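Visitor: Got a predicted structure plus its sequence, pasted below:
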Amino acid sequence: MSGAPFNIKRLFFRPAHTDSVYPGFSPFAPLSAERIDAARQKHGEVVDQYLRYLHMGDPLADALVEHFETLPAGEGWKLLNRAIEEGIEALQDPPPQLTALFAELDHVPFWVDWERMRLGSAKICKNGVLVAVTFAGYALPYAYLAPANVPLVFTGELLDAAAHRYARTARFVIETFFPDGLRRDADGFKWAVMIRITHASARRRLLQSGTWDAARFGAPLNQAHNAMNTVFFSFYLLQGMRKLGVRFTPQEAESILLIWRYVGHLFGIDPELVYTSEEEAHRLVTVALSLEFDPDENTKKLCRTMLAAGASFMGINNPRLERWFIDLVIASSRHLLGDDLANRMGFPQAKHRLLCRAIILWIRCSEWLPFLMPPALRRYMGISFWLQAGEYETTPLRPN
């Protein structure tokens, strides 16, 4: 048994770093003058830096998508797919926009350390079921907070075929966390690039639609919100799994953040917004939530859609089992989010809360006393559960 020495108190009392990272509700509307002034008084000039990133897109990806419009229908995406699969050098005369993008993508920053990143991959793969629960009950609900969720509602990205969209997102998370899943020829890398260009395409459609209020919301799928999404899938994943009883060594936690730091690079996020520690991630969260990210009707709609899609994603067809599964997810979400925030997100009241707490206590105990987790069940808890039981998206990502 590795890690810190056994401490009975840790079985029953969560350490301080697993407390809610939601700072509370502001009396002012998101991004209102009053709220911005209050945030400036508390956080200083960094607030204005964050506000600037709300109006920034992705220059390299945006230029490429704009160039696609000058080509025959579908030709740009074919060039992109070939560059992803075979490398930019496989194209005889690639457009300069595509060359510029892959000059950035093919450069592996000095700080990328594949061996260190495997620590986080191993921990995540070992706890795949708990990753799924944290993802559905904690990370995604935070990602649905307004106004960052507005592009999803505008484009119908999650409201249409929700189980399929959830499966696609789950696959990207899985591929990202596979050992070496972000190497140049791995699927995690390929999906990251495709998602980046798909975001740029959606951003351009929304800006051209005439219905997007840039003065109110900033740019669609902007730099600040993309950075926050990497926070939800790394820092919040750590926080949520700790609340479910999982222990992380400092090296494992650092490894998970390093994986998503590289995802941020592949997404074209400005290095100033790509955090390198839990403290930096928490600072970004604190500033962002002081300015925006309040639950609204869109949040409730997206959370309901996610809950309804969960059973389908898991391949559950029995109505009674489906109801039991949804109730357990709701109980887990309320434990992770806290009742106040869960109520504002529109989560129903939870059943099986005692069962949920008993499971969490058992997980916490088994982290200290591994023999409490039978080997067969430990295998069931692993990432293979996602691949075998879930509606795992196996087709390549393609633009809508």
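Guide: Thanks, I have the structure now. These numbers were taken from a predicted model, which means no experiment stands behind them.
Visitor: Other residues contacting the biggest helix by length in the chain?
Guide: If you go by DSSP state H, the chain has its longest helix at helix 187-209. Applying C-beta atoms under 8 Å, 6 or more residues apart in numbering, the external contacts of helix 187-209 come out as 57-58, 61-62, 64-66, 68, 80, 84-85, 105, 151, 154-155, 157, 171-172, 175-178, 181-183, 212, 214, 219-221, 226, 263, 266-268, 396-400. Heads up, the C-betas are built off the backbone N, CA and C, glycines and all.
Visitor: What residues of that helix count as buried?
Guide: Within helix 187-209, the residues that qualify as buried are 187-206, counting by 16 or more other C-beta atoms under 10 Å.
Visitor: Which is the succeeding secondary structure element to that helix?
Guide: Downstream of helix 187-209, the first helix or strand assigned by DSSP states H and E is helix 214-217.
Visitor: what does that following helix rub up against?
Guide: By C-beta under 8 Å, 6+ apart, helix 214-217 touches 31, 54-55, 147, 150, 207.
Visitor: In PyMOL, select just the buried ones from those residues.
Guide: Listed next is the PyMOL selection for buried residues among those, using 16+ other C-beta under 10 Å:
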select buried, resi 31+54+147+150
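Visitor: which one of the contacts of helix 214-217 is nearest Pro319?
Guide: Closest approach to Pro319 among the contacts of helix 214-217 (C-beta to C-beta): Val150, at 33.8 Å.
Visitor: And the closest one, how close does it get to Trp77?
Guide: Between Val150 and Trp77 the computed distance is 25 Å (C-beta to C-beta, to the nearest Å).
Visitor: contacting residues for the spatially most central residue of the chain?
Guide: Note on the chain: the residue nearest the mean C-alpha position is Phe233, at 3.2 Å, using C-alpha atoms, centre = their mean. By C-beta under 8 Å, 6+ apart, the contact list for Phe233 reads 135, 139, 173, 176, 260.
Visitor: quick one: the second one and Gln239 touch, right?
Guide: Translated: Ala139. No - counting by C-beta atoms under 8 Å, Ala139 does not reach Gln239; the two are 9.2 Å apart.
Visitor: Helices of the stretch 201-350 of the chain, residue ranges please.
Guide: Ranges of helices within the stretch 201-350 of the chain are 214-217, 223-232, 235-243, 250-266, 278-291, 297-313, 319-337, 339-344, based on DSSP state H, counting those that start in this stretch.
Visitor: Please save the CA atoms from the longest helix of the chain in PDB.
Guide: Provided in PDB are the C-alpha atoms of helix 187-209 (Å, rounded to 0.1, in the frame of the first residue of the first chain):
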ATOM      1  CA  ASP A 187      -6.900   9.000 -31.500                       C
ATOM      2  CA  GLY A 188      -7.000  11.500 -28.700                       C
ATOM      3  CA  PHE A 189      -4.800  13.900 -30.700                       C
ATOM      4  CA  LYS A 190      -6.900  13.400 -33.800                       C
ATOM      5  CA  TRP A 191     -10.100  14.100 -31.900                       C
ATOM      6  CA  ALA A 192      -8.700  17.200 -30.200                       C
ATOM      7  CA  VAL A 193      -7.800  18.700 -33.600                       C
ATOM      8  CA  MET A 194     -11.200  17.800 -35.100                       C
ATOM      9  CA  ILE A 195     -13.000  19.300 -32.000                       C
ATOM     10  CA  ARG A 196     -11.000  22.500 -32.300                       C
ATOM     11  CA  ILE A 197     -12.000  23.000 -36.000                       C
ATOM     12  CA  THR A 198     -15.600  22.000 -35.300                       C
ATOM     13  CA  HIS A 199     -15.700  24.700 -32.600                       C
ATOM     14  CA  ALA A 200     -14.300  27.200 -35.100                       C
ATOM     15  CA  SER A 201     -16.900  26.200 -37.600                       C
ATOM     16  CA  ALA A 202     -19.700  26.600 -35.000                       C
ATOM     17  CA  ARG A 203     -18.300  29.900 -34.000                       C
ATOM     18  CA  ARG A 204     -18.300  31.200 -37.600                       C
ATOM     19  CA  ARG A 205     -21.900  30.000 -38.200                       C
ATOM     20  CA  LEU A 206     -23.100  31.700 -35.000                       C
ATOM     21  CA  LEU A 207     -21.400  35.000 -35.800                       C
ATOM     22  CA  GLN A 208     -22.800  34.900 -39.400                       C
ATOM     23  CA  SER A 209     -26.300  34.000 -38.200                       C
END
